[in-house]
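1. Sequence plus predicted model, see below.
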Amino acid sequence: MSSAGGGAQLVCAQEALDLLNCVTQTPYDQEKCIRLLQSLRECVLNKKVKKFTIAKQEQPAANPSGDKA
């Protein structure tokens, strides 16, 4: 994750990941997730994050024509 205009810095990445993992857990612990949301919000405000982006993973190039090189 990066901040817009801030290059490839991982800003508030751990807080965002913790929140995402919280919402996937069963049983769902709403109180815990709310605390994690508040933690992410504080980080975003402190670091002045404007926007998050997800880094794309590189995929091996496919040969759509099926030709063997």
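-> Sure, I can see it.

2. Tell me how many other residues surround N46.
-> Neighbourhood size, N46 [other C-beta atoms under 10 Å]: 10. The C-beta positions use only the backbone N, C-alpha and C, and glycine is treated the same way.

3. And what about A55, helix, strand or coil?
-> Three-state call for A55 (DSSP: H, G, I helix; E, B strand; the rest coil): coil.

4. Where does pLDDT dip in this protein?
-> 1-8, 59-69 (pLDDT under 70).

5. make it 50
-> 1-7, 69 (pLDDT under 50).

6. Please compute how far whichever helix in the chain runs longest lies from its chain's middle.
-> Assignment by DSSP state H gives helix 30-47 as the longest helix of the chain. Relative to the chain's own centre, helix 30-47 is displaced by 14 Å; criterion: C-alpha atoms, centre = their mean, to the nearest Å.

7. Now for the spatially closest residue to V44 that is not a sequence neighbour: which residues touch it?
-> Nearest non-adjacent residue to V44, counting by C-beta to C-beta, 6 or more residues apart in numbering: C12, 5.8 Å away. By C-beta atoms under 8 Å, 6 or more residues apart in numbering, C12 lies in contact with 1, 40, 43-44, 47, 49, 52.

8. and S39, what does it touch?
-> 15, 18-19.

9. picking up where we left off before, identify, from the contacts of C12, the entry nearest to T24.
-> L40 (15.4 Å; C-beta to C-beta).

10. so the closest one sits right up against A13, yeah?
-> No - L40 sits out of contact with A13 when judged by C-beta atoms under 8 Å, with a separation of 10.1 Å.

11. So between these two, which is more surrounded?
-> Using other C-beta under 10 Å, the more surrounded residue of L40 and A13 is L40, with 20 against 13.

12. Nearest residue to that one in space, please, no chain neighbours.
-> Distances taken as C-beta to C-beta, 6+ apart put E15 closest to L40, at 4.1 Å, once the chain neighbours are dropped.

13. angle of the helix or strand where the one you found lies against helix 30-47?
-> Assessed by DSSP states H and E, E15 sits inside helix 13-24. Angle between the axes of helix 13-24 and helix 30-47 is 160 degrees (criterion: axes from the mean of the first three to the mean of the last three C-alpha atoms, to 10 degrees).
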